[in-house]
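Engineer: Sequence first, then the predicted structure:
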Amino acid sequence: MSSFSELKPNQSKSNSIFYEEQEKYYSESVGSNILKLENFTKYTSRETIARFLARNEIFKKQLDIHGCVLDFGVRRGASLMTWAHLSAIYEPVNYTREIVGFDTFDGFPEIDAKKDEGSCKEIISKGALSVESGMKEDIERSITLHDGTRFLGHMQKTRLIQGDILKTLPKFLDDNRHMVVSLLHIDVDIYAPTKCILENVLHRMPKGAVILFDEVNMKVFPGETIAVLETVGIKNLKINRFDFCPNISYAVLE
């Protein structure tokens, strides 16, 4: 999901000031970058830690379910690398749990004007929410570093698929007909790719598998809720949430 500052750039000066002070503190704080990363809770926000804790709880719910993790909406790699680290920690010998991330890295390829227009119209446009140039290569470098200390690190577990999900997902699944999905993370914000994901992946998910939503019941991005309504149906899912991380919700398939 996008950061608060990206979604509401003019809503709160106090949030902008916080981010500026946070970056200044990190830059000026004593110690090397490695030491800072090892003490990351000094520097990151409460919201970032809350998202990590929520993802940790969700990952544990599918630990005993056979299958792979599909992460849609990688952006800068926070969720993708969370799944990679958690798999390496909780199930170091499970080489079958592939973790595959999908993103254009160029923002929204297209939008549906009727279904995607939300309460923050300035960010619902073609190319919106793009990331910095070279992000795919940057994340792949992170994966390589991660594999360097991972048990069975010589076996590829984490990879990226770049492009429009409407085109890349059907081809990916056709090339990987064996794949079963235990955790489906949907964070693409808009209607068409969300619907495509659910229509193509849901039948590959066994009972006990988990769908993680980032924008259900969110005014900014109504397209995700509409896509769920038109495919699996809200009434067919028990959509759970966390008290400490309100935007994330999930459903365990029954």
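Structural biologist: Received the coordinates, thanks.

Engineer: Break the chain into its domains for me.
Structural biologist: Per automatic domain parsing, the structural domains of the chain span 1-44, 47-252.

Engineer: export those domains to a markdown table and tack on mean pLDDT?
Structural biologist: Below are the domains of the chain laid out as a markdown table (pLDDT from 0 to 100):
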| stretch | mean pLDDT |
| --- | --- |
| domain 1-44 | 80 |
| domain 47-252 | 95 |
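
Engineer: in the longest strand anywhere in the chain, what counts as buried?
Structural biologist: In the chain, assigned by DSSP state E, the strand with the most residues is strand 245-252. Residues of strand 245-252 classed as buried: Cys245, Asn247, Ile248, Ser249, Tyr250, Ala251, Val252 (neighbour count, 16 or more other CB atoms under 10 Å). Where you see a C-beta, it was placed from the backbone N, CA and C, and this is true even at glycine.

Engineer: so how far is Thr48 from the first one?
Structural biologist: Plainly put, Cys245 is 10 Å away from Thr48 if you go by CB to CB, to the nearest Å.

Engineer: got it, and the second one?
Structural biologist: Asn247 sits at a distance of 13 Å from Thr48 (criterion: CB to CB).

Engineer: Mind checking what secondary structure the residue sitting furthest away from the middle of the chain has?
Structural biologist: Computed with CA atoms, centre = their mean, the residue of the chain farthest from its C-alpha average is Val30, at 31.7 Å. Following DSSP: H, G, I helix; E, B strand; the rest coil, we place Val30 in the coil state.

Engineer: which stretches of the stretch 151-254 of the chain form helices?
Structural biologist: Counting by DSSP state H, counting those that start in this stretch, the stretch 151-254 of the chain has these helices, from start to end: 165-175, 191-201, 222-230.

Engineer: Export the ones you listed as a markdown table, with columns for distance to Lys114.
Structural biologist: Putting the helices of the stretch 151-254 of the chain into a markdown table (distance: least, CB to CB, whole Å) gives the following:
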| stretch | distance to Lys114 |
| --- | --- |
| helix 165-175 | 17 |
| helix 191-201 | 9 |
| helix 222-230 | 9 |
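
Engineer: Select, out of these, the one closest to Phe18.
Structural biologist: Closest to Phe18 of those is helix 222-230 (CB to CB; 27.3 Å).

Engineer: Show me what the closest one is packed up against.
Structural biologist: Identification of packing neighbours for helix 222-230 by 3 or more CB pairs under 8 Å, 6 or more residues apart in numbering; DSSP states H and E yields helix 113-116, helix 191-201.

Engineer: Can you list the neighbours in contact with the shortest one?
Structural biologist: The reference is to helix 113-116. Ile124, Ile190, Tyr191, Phe221, Pro222, Gly223, Ile226, Ala227 (CB atoms under 8 Å, 6 or more residues apart in numbering).

Engineer: What subset of the residues you listed is buried?
Structural biologist: With burial judged by 16+ other CB under 10 Å, the buried subset of the contacts of helix 113-116 is Ile124, Ile190, Tyr191, Phe221, Pro222, Gly223, Ile226, Ala227.

Engineer: I'd like to know how far the residue nearest the centre of the chain sits from His178.
Structural biologist: Centroid-nearest residue in the chain: Ser79, 4.5 Å away (criterion: CA atoms, centre = their mean). According to CB to CB, Ser79 stands 24 Å off from His178.

Engineer: mind listing what Arg159 touches?
Structural biologist: Applying CB under 8 Å, 6+ apart, the residues near Arg159 are Glu98, Ile99, Val100, Gly101, Ile143.

Engineer: Out of the residues you listed, which is nearest to Val69?
Structural biologist: Out of these, the member with the shortest distance to Val69 (by CB to CB) is Ile99, at 4.5 Å.
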